[in-house]
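>>> have a look; sequence and predicted model below, questions after that.
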Amino acid sequence: MSNHHPQTSIIDGFYEPSDYHGAVKMPVHHSSTYTFESAEQAAQFFEVSQGKRAPEPGQPGFIYSRLNTPNLQLAEQRLTIYDGGEAAALFESGMAAISATAMALLQPGDVILHSEPLYGGTDNFFRDMLAHWGVSLQSYAPNETAAEIIARIDKSGKTERIAMLYVETPSNPLNTLIDFEVVMEVRNHIHAAGGAAVVVADNTYLGPVFQQPLKLGVDVVVYSGTKYIGGHSDLLAGAAIGSKALIQKIKKIRTSLGNMAGPHTAWLLTRSLETLDLRMRAAEANARAILNYLESHPKIEQLHYPGYKRQEAIYARQCSGSGATIGIELKGGQAAAFQFLNNIKLVKLAVSLGGTESLATHPPTTTHSNVAESIRLAYGIRPGLIRLSVGIEHAADLIADLEQALKKVTAV
């Protein structure tokens, strides 16, 4: 790799057209298996895949598509560029990446210390699935200090058993920021007590353009690649990025589970990475225009956006942009939220986020409906909350659509 800007490397890095008959873009490799030049080479490739030896320079080592493919390898190499990781593992969904990371780095009796709130799928996996494997949970609120968190975990008597600090920032759907400086102070305390906690951060909302947690001390970053990285609402993908040693552990689990991204998904993701910076900045500009329109609207109770009228100091330390997902809390609760959602026209009523098109949904009854109501309310996910993912349509058209839908909201 050269010392080019990430926007250049994301297009040209790790690929030589002459290796593929001069193709400017890597072709899709729909092959389930790959030939070896000799039996000795086959044995060598398997040793590399099992982590028993390092690959030879320039040796791709393709064996079988459950282990690796040319498309998967290129996508993973380019996924490291913005975040600055040593290696990446690409999966068929964000939850596949999160679950494989947890399975690779945890064992029965371990404790996860996690931020609140969490995405509904992550929350459900932690509370239901991991509980069956003997992994327990402790949580902390975004406004807690390191001293407060440390005092509570020490009181529990399980400080040394905390094997993972899991952080989702900004959180889904409230855009709450978690201070990485606090996380690192807690991590250092756990290490000093004899523990070996790793820090895992879900960076889906802002990364990798507007936030790079690996550069702030995080060990592994996870993504729903379906969102901004994929960016076109035409693929499902997930990723874990970090050191070679940790990603090797995660890939070992991935090989056993068989949930790696297929060659076509990897190809689509490689395509999407080329415009990631441009798309995220265009969508953010639209989001800020919408925020300016909504902030004085009489039917809006509260707006949730990174760095907007709260947590400005944390935002300044660890974010370079606010992204394009806004939490809109309407006066009038669920009735008002449903009236609004039933009247949007240009903005589409759908789950997910981060695509070129604008999407809106009602988290309490959709993405976070599996989270107990008492927990949702404790998190601040109230009945009037709408999650708006702003796309790259023209801002004036989006504002006009929101305006006409708000006019039809009477339950205030």
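Everything's here; your move.
>>> name the residues that touch the helix or strand A131 falls within?
For A131, the element it lies in under DSSP states H and E is helix 130-132. By C-beta atoms under 8 Å, 6 or more residues apart in numbering, the residues outside helix 130-132 that reach it are 102, 106, 112, 137. Just so you know, the C-beta spots here come from the backbone N, C-alpha and C atoms, and that holds for glycine as well.
>>> assess the claim that the last one and I112 are in contact.
This means L137. Yes - the criterion here is C-beta atoms under 8 Å, and L137 meets it with I112 at 5.3 Å.
>>> of these two, who's got more company?
A direct count of neighbours by other C-beta atoms under 10 Å for L137 and I112 places I112 higher, at 21 against 15.
>>> doesn't the more buried one lie inside a strand?
Yes - using DSSP: H, G, I helix; E, B strand; the rest coil, the assignment for I112 is a strand.
>>> what helix or strand is the closest residue in space to it that isn't next to it in sequence on?
Leaving aside its sequence neighbours, I112 sits nearest to M164 (C-beta to C-beta, 6 or more residues apart in numbering; 4.8 Å). When elements are assigned from DSSP H and E, M164 belongs to strand 162-168.
>>> the helix or strand just after that strand versus strand 162-168: what angle between them?
Per DSSP H and E, the first helix or strand lying C-terminal to strand 162-168 is helix 180-192. Helix 180-192 and strand 162-168 meet at an angle of 170 degrees, taking axes from the mean of the first three to the mean of the last three C-alpha atoms, to 10 degrees as the criterion.
>>> what's helix 180-192 packed up against?
Helix 180-192 sits against helix 146-156, strand 162-168, strand 198-202, helix 312-318, with contacts defined as 3 or more C-beta pairs under 8 Å, 6 or more residues apart in numbering; DSSP states H and E.
>>> what segments of the stretch 1-150 of the chain are helices?
Using DSSP state H, counting those that start in this stretch, the helices of the stretch 1-150 of the chain run over residues 6-12, 39-49, 70-83, 94-105, 120-124, 130-132, 146-156.
>>> the inter-axis angle of the fourth one versus strand 198-202?
Angle between the axes of helix 94-105 and strand 198-202 is 180 degrees (criterion: the same axes, to 10 degrees).
>>> related to what we said a few turns ago, make CSV out of the helices and strands packed on helix 180-192 and add mean neighbour count, distance to G120 and mean pLDDT.
As requested, the helices and strands packed on helix 180-192 are exported to CSV (neighbours: other C-beta atoms under 10 Å; distance: least, C-beta to C-beta, whole Å; pLDDT from 0 to 100):
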stretch, mean neighbour count, distance to G120, mean pLDDT
helix 146-156, 15, 23, 97
strand 162-168, 23, 11, 98
strand 198-202, 24, 12, 98
helix 312-318, 15, 24, 97
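>>> check which residues of stretch 266-276 are buried.
For stretch 266-276, a neighbour-count test (16 or more other C-beta atoms under 10 Å) marks 266-273, 275-276 as buried.
>>> and the furthest pair within the residues you listed?
In terms of C-beta to C-beta, the buried residues of stretch 266-276 reach their longest pairwise distance at A266 and T275, which sit 16.5 Å apart.
>>> so which of the contacts of helix 130-132 comes closest to A240?
The closest of those, once distances to A240 are taken by C-beta to C-beta, is A102, at 10.3 Å.
>>> what does stretch 101-114 contact?
125-126, 130, 133-140, 149, 153, 158, 161-168, 186, 197-198, 200, 220, 222, 240, 246, 249-250, 252-253, 257.
>>> residues contacting the lengthiest helix in the chain, please?
Counting by DSSP state H, the longest helix found in the chain is helix 276-294. With contact meaning C-beta under 8 Å, 6+ apart, helix 276-294 is reached by 6-7, 10, 82, 208-210, 228-229, 231, 300, 303, 305, 308, 321-326, 328, 356, 388, 390-393, 395, 398-399, 402-403.
>>> repeat that with 7 Å
For helix 276-294, the surrounding residues in contact (C-beta atoms under 7 Å, 6 or more residues apart in numbering) are 7, 209-210, 228-229, 231, 300, 303, 305, 308, 321-324, 326, 328, 356, 390-392, 395, 398-399, 402.
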